[in-house]
Structures are given as structure tokens and as C-alpha cells.
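[1] Requesting a structural model of the entry that follows:
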Amino acid sequence: MEAIFNRRSVRKYSGQKVEESKIEKILRAAMQAPSAGNQQAWEFVVVRDKEMLKKLSEVSPYSKMAANADVVIAVMANEEYMRYPSYWQQDLGAATENILLQAVTEGLGSVWIAVAPREDRISTMREIFSLPETVIPFCMVALGYPDQEVKLSDKWDGNKVHYEEYKPV
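    Residues are numbered from 1 along each chain as shown. The predicted model follows:
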């Protein structure tokens, strides 16, 4: 529960280099996510090159922080691995959440940067990475040591919990 309650979107990074061992643990956590029929249709591109980070920061108006991250992990689906194609977004969402939670465990800050389902962002990512049509960009996760105080908040709202049936508030 500690990682869950300490996870926050961190968009400013100190510049300290993220250790390779931490990146591997984060990727291992991603690949432990559940997937439909255990299809594991995910693939990841780890980016540290500053020129590539700059390109990724221009994928959308909300990806600017990628330029100053130490690492960006691009999370993608490969249709060649899909046995249950209508579930790939759920699979990659679970893998991405595991990335975010493991980042907290490793003492890192992270932020989920949406790509899918926006076709403009998907095509930009395809161009940046020269992806085949069978590989679909889902999102990016910017990672680094936080350069800001992370403020925690309790998001619990009992009004959004229903038992046995839905009852509007």
C-alpha cells in the first residue's frame, strides 16, 4: 500500500542519473502485469538520449517534461503477440501502472504521458521510432529523481462506492 499511496505525477527531475538496475526492476515489474489470456503483447523502448527525449517531449502539449527526464519508457503493443486484440489497452494500462508503482519503490518520480488513442500522437511516435504498423504506441512514462517535494493527498471518496447496487448520490 505504501507505493500506491505515495505515487504522484512528478514532472520535474533533478538530473541525477537513474541506475540501470532500477530501470530493469521497473521493466520487470511492468512485465509482471496481468494480461488477457497471458498474451503479454507489450514491448518497451527505453530512451535516455537527449535528442530523442526532446523529440518525445514534442509528441503532445502534455509531454514537455520528457525533455528533462533522465529516462522515458515508451510502452507499446505488438499486434503479432495478440490473441485477444480487444484487450491490449487494459493489458498495457496494467503494465504502465506497475511501472509507476515500481518507480516509487525505487525512489523515483514518474508521470504517465498519454499517447493512445490519439492518432496524431500514435503516428508521431511511429515516426520517431520507425515502428512497423503492427506496433501501437500506448503511452510514455517519464522517470527521474524528483526535483520537487511530492505532496500527498488522500483521494478516498466514500460517495463513489456502492454496495450491491448503484445508488446515485
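
[2] Restrict the longest strand anywhere in the chain to CA atoms and write it as PDB.
    If you go by DSSP state E, the chain has its longest strand at strand 135-144. Taking Å, rounded to 0.1, in the frame of the first residue of the first chain, the C-alpha atoms of strand 135-144 are listed here in PDB:
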ATOM      1  CA  VAL A 135       3.400  -1.900 -33.200                       C
ATOM      2  CA  ILE A 136       1.000   0.500 -31.500                       C
ATOM      3  CA  PRO A 137       2.300   3.200 -29.100                       C
ATOM      4  CA  PHE A 138       0.200   3.300 -25.900                       C
ATOM      5  CA  CYS A 139       1.900   5.800 -23.600                       C
ATOM      6  CA  MET A 140       5.200   7.100 -22.300                       C
ATOM      7  CA  VAL A 141       6.400   7.200 -18.700                       C
ATOM      8  CA  ALA A 142       9.000   9.900 -17.900                       C
ATOM      9  CA  LEU A 143      11.300   8.900 -15.000                       C
ATOM     10  CA  GLY A 144      13.900  10.600 -12.900                       C
END
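
[3] Report the helix or strand with the lowest average pLDDT across the chain.
    helix 2-6 (a mean of 86; mean pLDDT, DSSP states H and E).

[4] Report all helices and strands that whichever helix or strand comes after that one contacts.
    Using DSSP states H and E, the helix or strand that follows helix 2-6 in sequence is helix 20-31. With contacts taken as 3 or more C-beta pairs under 8 Å, 6 or more residues apart in numbering; DSSP states H and E, helix 20-31 sits against strand 42-47, strand 71-78, helix 88-105. Just so you know, the C-beta spots here come from the backbone N, C-alpha and C atoms, and that holds for glycine as well.
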